[in-house]
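Visitor: next one to model:
(one chain, ligands or ions: 1)
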Amino acid sequence: MSNDYDDVRHNLITMLEELDERLTTITQEVRHTDEVVEKDSEEQATQNENNEVQDYLGNFARVEIAAIKQAIVRIDRGDYDICQTCGEVINPERLKILPYLAQCIKCASLAEKI
Ligand SMILES: [Zn+2]
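Guide: Reported below is the predicted structural model:
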């Protein structure tokens, strides 16, 4: 069973490494811009917007990293393709597109509506 998803696991780890790198870059950029204090209000506004975008990207990367880590745990545990909400099998076509999905399409669309 555990060998079935070796390729997926490998891909997930690669994704994780790339995201970690991206997150480090984002964090460094935020830190760098924080050091620059002198600017007029218009520049400050642009700066705040940039920080917001970076915050968003940072949060998004963190959410993705958490989801990927959980997917790897599920592979090791042997319930990788099982919906974590209802226990049904997740459509493998969807897992090919988003390998760290934790829910079947029914539960995912329900969650979106909330
Ligand atoms: Zn489900």
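Visitor: in this structure, where's the longest helix?
Guide: Longest helix in the chain by number of residues (criterion: DSSP state H): helix 41-77.
Visitor: and the residue most central in space within the chain, how close does it get to the ion?
Guide: Against the mean C-alpha coordinate of the chain, by C-alpha atoms, centre = their mean, the closest residue is Glu64 at 0.8 Å. Using C-beta to the ion, to the nearest Å, Glu64 is found at 20 Å from the ion. Glycine gets a C-beta too; all of them are placed from N, C-alpha and C.
Visitor: hang on, that residue packs against Tyr100?
Guide: Yes. Counting by C-beta atoms under 8 Å, Glu64 does reach Tyr100; the two are 7.2 Å apart.
Visitor: and for those two, which residues touch both?
Guide: Common contact partners of Glu64 and Tyr100 (C-beta atoms under 8 Å, 6 or more residues apart in numbering): Met15.
Visitor: quick check: residues of this structure near the ion?
Guide: With C-beta under 5 Å from the ion as the criterion, the chain meets the ion at residues Cys83, Thr85, Cys86, Glu88, Cys104, Cys107.
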